[in-house]
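Novice: Got a predicted structure here, sequence first:
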Amino acid sequence: MNKMLLATLAAVSCFAVSSNGYTKSNNGGGFTGPSVEIITVEQAKGMSDDTFVILQGNIKQNIGDELYVFTDASGSINIEIDDDDWNGVSVGPDDLVEIRGEIDKGWTTLEIDVDQVRKIDNK
């Protein structure tokens with residue numbers, strides 16, 4: 001009986017020690033390799049359809065339903081921001097923003113379909 005109890009305790013101890021390796025750790029780590037770089041409007045205009053892009057600049061005006069003019073130092077481009085992609089962010093023409101989205105090329109159009117808008121603190 002004692003041998004059976006000792007074997008059970010040993011097995012439980014081994015399981016407890018080995019299961020610690022499977023617990024999720026929140027040590028602040030993450031990916032440290034290269035990521036998508038911020039590009040200019042001029043660079044975006046030369047990219048292929050559906051290419052993921054990140055740009056920084058200003059949303060200057062609304063030109064239609066969910067359609068806006070985005071500018072940076074290199075030029076301007078139309079962007080489409082669905083109402084639910086604003087995520088509560090409010091910006092004006094003088095606010096510096098970062099947009100993330102995909103190039104959307106049609107037969108005669110070029111715009112960026114924005115997935116995320118983030119206001120940049122430009123102090």
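Specialist: Good, I have the coordinates. This one's a predicted model, so the numbers in the text were calculated from it and none came from an experiment.
Novice: In this structure, what residue spans correspond to helices?
Specialist: With DSSP state H as the criterion, the chain has helices at 2-19, 41-45.
Novice: mean pLDDT for these: which is lowest?
Specialist: Ranked by mean pLDDT, the helices of the chain bottom out at helix 2-19, which scores a mean of 55.
Novice: what's across from I103 in the sheet?
Specialist: Beta-bridge pairing of I103 under DSSP bridges involves I112.
Novice: Could you check how far it is from G75?
Specialist: 15 Å (C-beta to C-beta, to the nearest Å). The C-beta positions use only the backbone N, C-alpha and C, and glycine is treated the same way.
Novice: biggest strand in the chain by residues?
Specialist: strand 52-64 (DSSP state E).
Novice: who does it pair up with?
Specialist: Short version: by DSSP bridges, strand 52-64 pairs with strand 38-39 (parallel), strand 67-72 (antiparallel), strand 97-105 (antiparallel).
Novice: Between I103 and G75, which has more neighbouring residues?
Specialist: Neighbours were counted for I103 and for G75 using other C-beta atoms under 10 Å; I103 has more, 19 against 14.
Novice: distance of that one from V69?
Specialist: Distance from I103 to V69, by C-beta to C-beta: 16 Å.
Novice: Over to D82?
Specialist: Look at D82 and V69: by C-beta to C-beta, they are 17 Å apart.
Novice: Tell me which of these two has more neighbours.
Specialist: Set D82 next to V69 and count neighbours by other C-beta under 10 Å: V69 wins out with 15 against 10.
Novice: Per-residue pLDDT of the more buried one, please?
Specialist: At V69, pLDDT is 98.
Novice: show me the contacts for K119.
Specialist: Applying C-beta atoms under 8 Å, 6 or more residues apart in numbering to K119 gives the contacts 89, 91, 95-97.
Novice: By neighbours, which of those wins?
Specialist: Busiest of these [other C-beta under 10 Å] is V97, holding 19 neighbours.
Novice: and that residue, what are its bridge partners?
Specialist: Note on V97: beta-bridge partners G57, K119, judged by DSSP bridges.
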